[in-house]
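Enquirer: using only what follows, build the 3D model:
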Amino acid sequence: MIEEKVISYLNGLPLSATVYVSVPAQKPSKFFVIQKTGSSRINGVDSSTIAVQSYGSTLLEAAEMNQEVKEAMLDFIEEPYISSVDLNSDYNYTDTTQKQYRYQAVFVITHY
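Expert: Predicted coordinates for the structure are as follows:
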């Protein structure tokens, strides 16, 4: 399952915060959340769209975390089961309902 591989990979790096699969009940001041937003299979090759949300206590902190996770995710290509990692987009994704600063980076990962 690609989500498990991404979480394991990112949590194995010296990132500034922990990576979760959903927003934790006891939210730390900063953290990352990954979500699989879609997938496809063409000619037996799997492709998954993964969103990584960077939650910070300030907008600047969230933006800095976003940059940190983008660099880490682009290095995910070095894993043996990954064929490509492409940054689709990244943007300010502040949650106005919860009043929580966050950025989101969306990646397309080709894997097997």
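Enquirer: how about residue 18: what's its closest non-neighbour residue?
Expert: Counting by C-beta to C-beta, 6 or more residues apart in numbering, residue 31 is the residue found nearest to residue 18 once chain neighbours are left out, at 5.6 Å. The C-beta positions use only the backbone N, C-alpha and C, and glycine is treated the same way.
Enquirer: my read: that neighbour touches residue 15, true?
Expert: No. Using C-beta atoms under 8 Å, residue 31 is not in contact with residue 15; the gap is 9.9 Å.
Enquirer: quick one, what contacts the residue nearest to residue 18?
Expert: Residue 31 is in contact with 17, 18, 19, 20, 23, 24, 55, counting by C-beta atoms under 8 Å, 6 or more residues apart in numbering.
Enquirer: over to residue 105?
Expert: Neighbouring residues of residue 105 by C-beta under 8 Å, 6+ apart: 51, 52, 54, 66, 69, 70, 73, 87, 89, 90.
Enquirer: quickly list what it is bridged to.
Expert: On the basis of DSSP bridges, residue 105 is bridged to residue 52, residue 90.
Enquirer: isn't there a helix covering residue 33?
Expert: No. Counting by DSSP: H, G, I helix; E, B strand; the rest coil, residue 33 falls outside a helix, being strand.
Enquirer: do you know how far it is from residue 45?
Expert: 27 Å (C-beta to C-beta, to the nearest Å).
Enquirer: okay, which residue is most central for this structure?
Expert: Centroid-nearest residue in the chain: residue 52, 2.4 Å away (criterion: C-alpha atoms, centre = their mean).
Enquirer: now for that one: which residues touch it?
Expert: Counting by C-beta under 8 Å, 6+ apart, residue 52 touches 10, 19, 32, 33, 34, 69, 73, 104, 105, 106, 107.
Enquirer: can you list the weak-confidence ranges in this protein?
Expert: Across the chain, nothing is flagged by pLDDT under 70.
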